[in-house]
Structure formats: C-alpha cells, structure tokens
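Colleague: task: produce atomic coordinates for the following.
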Amino acid sequence: MELGCTTELDQAMNDMNSLLKLTSAKPILFAVKTQLAERYGVLMHFNGGSAQSMTRDLAPSYFVNWPDELQATCLTHVHIPDSRVGSLGNCHLVSFKHLPSTDQVDAAKEVLAARLRSDGSRSLCTDAFRHSETSPTFAIDGSVGRRALDKTLSPLVKSALSQSLRHGISRGLTLGFDIDEDARPPRTVVIWTRQSAHEGRAHDRIVIAVEYASSSAHPWVDRRVKDLLPHDQPIVVVTPNPDRLTRRSNELGHLIGEITANGGQWWSQGAQWDGMRSDTWFDVTKQVESVQAQLDIGRQVALQMSFYARATHAITRFVVTLERDPGHWQAVALVQFIRLAADVHEIRCFVFLVRNSPPRGDEEARSTTSTLARQHQFLRAALPDYLEVRYITLQDTSAFTGDEVVVAVKEELQSVTGRAMVVSSTLDRATRSYDGHQKLKAVLEKRGHMAMALLWDTRTTNVDPAAAMLLPARV
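Modeller: Next comes the predicted model:
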C-alpha cells in the first residue's frame, strides 16, 4: 500500500466522515464488499441458550473450517448480523461461491449447529440470495446495511417463518400430521374458542387476530390486519399488553378513537406502573397517559437492545482512538461539553454506573470482567477529571426485574454532598423497564440529583445535545 493511502486510512480510522469519503474514493478498501460481491448468501437461525451465548461470543464474525465436501462451496468467513433480522436474533450469514443446493445448505447448517451446540430442531434457513456489489449487504462500519435488511433479509426471514409455520414447526407448534401430504384425506384445521351463554349475547362474534409484523417498523395505517376488523358495530379489543397493538405512542390516540367510535372498548394486561400486577386487566382508554409513557419507554428500550452491539463498537473505537491520540479533538469537545453542563447544573460528583446482565437460562457462565472494564474506561475517558468520582459496579445484575440497581444508586447517593450526576454508557445499563425508570427517577429527584447516558441511538431520539443536558439557549 502506498504511503499516502496509509496516511489517509490512519486518519479515517479516527474520523467516520473521512472513512466514508475514503471508501467512496477507493472502494477496494471495503474488503467485505469485495469478498461477497456476486456470491450467494443463506441466513441461518439457531434457537436455544447455548446457541444464543455462543453467537454473542462469536459476533460480529468468525471462520469455519468446512469439511471436504463443502470447502469448494462455502466461504470460510461467517457473519453475524448486529441487529435482529425480522423477528429473529442469533442469525448467521453463510456465503457460498455458487448458488447452493438444498443438500449443501442442510450440510452447512449441520456444521454450524454442531459448533453452536444446538440440536437443530428449531433452526431456520432462508432461501439463497445473491450479494450485490452495487447494494452491499454490509455498510462501511460492518453493520448490516439498512437497504439489505429491509429489502432482502427481512422478507426472506418472513417467508421462511411462514413456510415453517405451514409445516407445523414454528414456535413449537405441532399439528400431528403433514399438511402438505397428498395421500391423506382432506381435513379442516379448527381454532376453537367458546363463550358461555351468560358471558355474552348469542349474536356476539369473536375475532382472533394473528399478525406477523413489527409495529416499530410499520405504522398502523400500513398494517393489513386492521382491514379485517368489523366497523359496523362496537368492538372490544383484548390484548396481553398494549404494545401488541402498537409500540408507537403517537398512534395511541388514533387507535382509541377508532375503537371507541362505535362505543367499543380496549382492555389489556401488562401494566408497568404504580406497582400494578402485570396480569391485572385495565381499561386502556382510562389510562392513556400511563400507557403512552409505557410505550415510549418500552419502544426506546427495545430499540436500545438492538443498539447495544453498535454501542459496544463505538465505545471500543472511542477508547482505542484516545490511546492513539489522547488529544483527539472529538474527545476533547465531548469532555468540554460535559464539563460545561456540570458547571451549569452545579454538579459536585460523578457516579459511574456500570452493569452487565446475568446469564440466561442454560447459558454458560462467562467472564464479564472485560465488559465492565470497557464501560469504566469509556466513562473515565469521556468525563472531566476535576470532580469527585464514585463507582457502582453491578455484575450479573438485571435492570429489568428486581430493584438491585435502584437500591445501589440510592445507597451510594446517601453519602454524597451536593448534587451528583449518575452516568452510564447507555440507557439500558441503568434501567430496562418503565417501573424501574420511575423508581430511579424518584430516587434522583428526591435530593435534586441527575442522571445521564452518554450514547443514544438515533432511532430513539433526535434531541439537540444542549436541550438533552437542560442547558439554557445561551451559556
């Protein structure tokens, strides 16, 4: 490589704008784009705790030593998408040199299942698709390209899920016979519900709506299931959680208006406020503000969960950049901005909150020292060093269930003199539920303390930094 190109690349690694310009000018530097051009890909999903744990450890990609019969067909580099594809996580993208046969896809799936210690009973494979050099599967930062995700991968996953449902293997459903078997006599599949005479009038109807769609990705106006609902009489909508109808809080008023237009009602479970039991039924039309707040927090947390992998990359990149260039202008600007906010709000102490979640189900115990250390290093580098710093380190602790995070914050703040700022790398390190958010907010407001998450996903908020830090228009 020429010296000039080396210098440009070195500069680009510290500046995303430069990196994008450099890649545009010299496409050959985008190795993955070149490697996959005109190859074929198959997305494979594996279920189970072991597969989930190993997928997380292998991300964002790994290499496979394929058996002899697959070496001439499969590329050794297997990619793991950084976000859910359709409704599925734990996805592995296997690339083939030529359009693979069904036997070749099945053989590759068996190899990966063995590596992930999955029995393969609930695995899923999409149809093969062709990587395009003009519309690459991966973006420059290594994440799955939005166009490829929306236009290629997600439709393939939906098609594969639909096909598996027809064969009775999706989500553990077993019909006891082969729907596609030609030799068997015709059968009628019945979904049975019953309503006693005293529970309603004889002419009442029961409609069961089964929808496979993301309400985060698709607004209500675009969802076809709404056309199946009757509009000639009052309807009573029953949901296990308000977000089953929509995750978009701005659609709540419109939905309630449609439902109640003819005297209908909307009853739901899944409340996460005022200590209400999650299995308690409530009238959504009478809890609009609480439901709206729950939807806002719920959607934000859901999107932040997919944001976590990218946030990890951002943290690592920030720390590595500062190791190479301690005076990098972006880091200096961030520290100065936070110092300004601390001075305006008269902050006297920073409380660093770092946390990692406990293992799930049969997931094997894993070392978490590096995860916690990375968060510590990031917070230490991003914040000014002239104030007192305290640490709350919570290992294998859930921020979704229980009050361990809130209790730890409350105990640490009891001995703080003056106003403190509780700082976490991302929102989900501090809270992952509406109830937990309300409790943490109450602890902070009681003595005038504040809290701040340094990294936010642009999908969840587009607030001006000054407004987010509650700074006056002119400081």
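Colleague: just checking, next helix/strand downstream of the helix ranked longest in the chain?
Modeller: If you go by DSSP state H, the chain has its longest helix at helix 288-324. Tracing the chain past helix 288-324, the next element assigned as helix or strand by DSSP states H and E is helix 329-344.
Colleague: so which bits of that following helix are buried?
Modeller: 331, 334, 337, 338, 339, 341, 342 (16 or more other C-beta atoms under 10 Å). To be clear about C-beta, it is placed using only N, CA and C from the backbone, and glycine gets the same treatment.
Colleague: the first one and residue 223, how far apart?
Modeller: Residue 331 is 44 Å from residue 223, where distance means C-beta to C-beta, to the nearest Å.
Colleague: equivalent analysis for the third one, please.
Modeller: If you measure residue 337 against residue 223 using C-beta to C-beta, the figure is 41 Å.
Colleague: number of residues surrounding the closest residue to residue 355 other than its chain neighbours?
Modeller: If the residues on either side of it in the chain are set aside, residue 355 comes closest to residue 394, at 4.1 Å by C-beta to C-beta, 6 or more residues apart in numbering. For residue 394, the count of nearby residues is 18 (other C-beta atoms under 10 Å).
Colleague: before we move on, what about residue 129?
Modeller: So residue 129, with other C-beta under 10 Å, has 17 neighbours.
Colleague: if it is in a bridge, with which residues?
Modeller: residue 41 (DSSP bridges).
Colleague: I figured it hits residue 156, correct?
Modeller: Yes. When contacts are counted by C-beta atoms under 8 Å, residue 129 is listed as touching residue 156 (6.2 Å).
Colleague: so for stretch 390-408, what gets flagged as buried?
Modeller: Within stretch 390-408, the residues that count as buried by 16+ other C-beta under 10 Å are 392, 394, 398, 399, 405, 406, 408.
Colleague: now go through these and say which are in helices.
Modeller: Reading helices off those with DSSP H, I get 405, 406, 408.
Colleague: how much space between the closest residue in space to the last one that isn't next to it in sequence and residue 470?
Modeller: In this case it means residue 408. Distances taken as C-beta to C-beta, 6+ apart put residue 392 closest to residue 408, at 5.2 Å, once the chain neighbours are dropped. Remark: distance between residue 392 and residue 470 (C-beta to C-beta) = 23 Å.
Colleague: what of residue 212?
Modeller: 42 Å.
Colleague: try residue 268
Modeller: 34 Å.
Colleague: the more surrounded of those two?
Modeller: residue 268 (21 against 10).
Colleague: check the more buried one and give its pLDDT.
Modeller: Looking at residue 268, its pLDDT is 93.
Colleague: show me what it bridges to in the sheet.
Modeller: residue 239, residue 282.
Colleague: quick one: contacts for it?
Modeller: 238, 239, 240, 241, 242, 281, 282, 284 (C-beta atoms under 8 Å, 6 or more residues apart in numbering).
Colleague: if you rank these by neighbours, which is first?
Modeller: residue 242 (26 neighbours).
Colleague: what's that residue in contact with, if anything?
Modeller: Per C-beta under 8 Å, 6+ apart, neighbours of residue 242: 252, 268, 270, 284, 291, 294, 295.
Colleague: any regions of the stretch 301-450 of the chain where pLDDT drops low?
Modeller: Low-confidence segments of the stretch 301-450 of the chain, defined by pLDDT under 70: 304-306, 360-369.
Colleague: burial check on residue 38, number of neighbours?
Modeller: Neighbour tally, residue 38, other C-beta under 10 Å: 9.
Colleague: tell me how far it lies from residue 357.
Modeller: Distance of residue 38 to residue 357, computed by C-beta to C-beta: 40 Å.
Colleague: for residue 394, same thing?
Modeller: Counting by C-beta to C-beta, the gap from residue 394 to residue 357 is 10 Å.
Colleague: just checking, the residue nearest to residue 355 touches residue 407?
Modeller: No. Using C-beta under 8 Å, residue 394 makes no contact with residue 407, being 10.2 Å away.
Colleague: if we can go back for a sec, determine which two of the buried residues of stretch 390-408 are furthest apart.
Modeller: In terms of C-beta to C-beta, the buried residues of stretch 390-408 reach their longest pairwise distance at 392 and 398, which sit 14.8 Å apart.
Colleague: before we move on, back to that, in TSV, list the buried residues of stretch 390-408 along with distance to residue 227.
Modeller: Putting the buried residues of stretch 390-408 into TSV (distance: C-beta to C-beta, whole Å) gives the following:
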residue	distance to residue 227
392	50
394	47
398	40
399	39
405	44
406	44
408	49
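Colleague: report the angle between the longest helix of the chain and helix 329-344.
Modeller: Relative orientation of helix 288-324 versus helix 329-344 (axes from the mean of the first three to the mean of the last three C-alpha atoms, to 10 degrees): 130 degrees.
Colleague: use 33 as the first number from now on
Modeller: Understood, numbering begins at 33; the last thing we discussed is helix 320-356.
Colleague: where does pLDDT dip in the stretch 183-332 of the chain?
Modeller: Looking at the stretch 183-332 of the chain by pLDDT under 70, you get 196-235.
Colleague: which stretches of it form helices?
Modeller: 186-198, 284-292, 320-356 (DSSP state H, counting those that start in this stretch).
Colleague: who wins for proximity to residue 420 among those helices?
Modeller: helix 320-356 (22.1 Å).
Colleague: who are the packing partners of that closest one?
Modeller: For helix 320-356, the contact count by 3 or more C-beta pairs under 8 Å, 6 or more residues apart in numbering; DSSP states H and E identifies helix 284-292, helix 361-376, helix 401-414, strand 451-458, helix 466-478, strand 482-487 as packing neighbours.
Colleague: do that again at 7 Å, thanks
Modeller: Counting contacts by 3 or more C-beta pairs under 7 Å, 6 or more residues apart in numbering; DSSP states H and E, helix 320-356 is packed against helix 284-292, helix 401-414, strand 451-458, helix 466-478.
Colleague: among these, which is nearest residue 134?
Modeller: helix 401-414 (39.9 Å).
Colleague: any idea how far that closest one is from the middle of the chain?
Modeller: Offset of helix 401-414 from its chain centre (C-alpha atoms, centre = their mean, to the nearest Å): 21 Å.
Colleague: ok so, going back, for the contacts of residue 274, which one is nearest residue 449?
Modeller: Closest to residue 449, out of all of the contacts of residue 274 and judged by C-beta to C-beta, is residue 326, at 35.5 Å.
Colleague: and the closest one, how far is that from residue 427?
Modeller: Residue 326 is 29 Å from residue 427, by C-beta to C-beta.
Colleague: residue 281 too?
Modeller: Distance from residue 281 to residue 427, by C-beta to C-beta: 34 Å.
Colleague: check the offset of the strand or helix carrying residue 498 from the chain's centre.
Modeller: Assigned by DSSP H and E, residue 498 belongs to helix 497-500. Chain-centre distance of helix 497-500: 24 Å, with C-alpha atoms, centre = their mean.
Colleague: pull whichever strand or helix holds residue 126 out as CSV, backbone CA atoms only.
Modeller: Counting by DSSP H and E, the element that carries residue 126 is strand 123-128. Output in CSV follows, covering the C-alpha atoms of strand 123-128 (Å, rounded to 0.1, in the frame of the first residue of the first chain):
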residue,chain,number,x,y,z
CYS,A,123,-28.6,-15.3,12.9
HIS,A,124,-25.6,-16.5,11.0
LEU,A,125,-24.9,-15.4,7.4
VAL,A,126,-23.2,-18.2,5.4
SER,A,127,-21.9,-17.2,2.0
PHE,A,128,-21.5,-19.6,-1.0
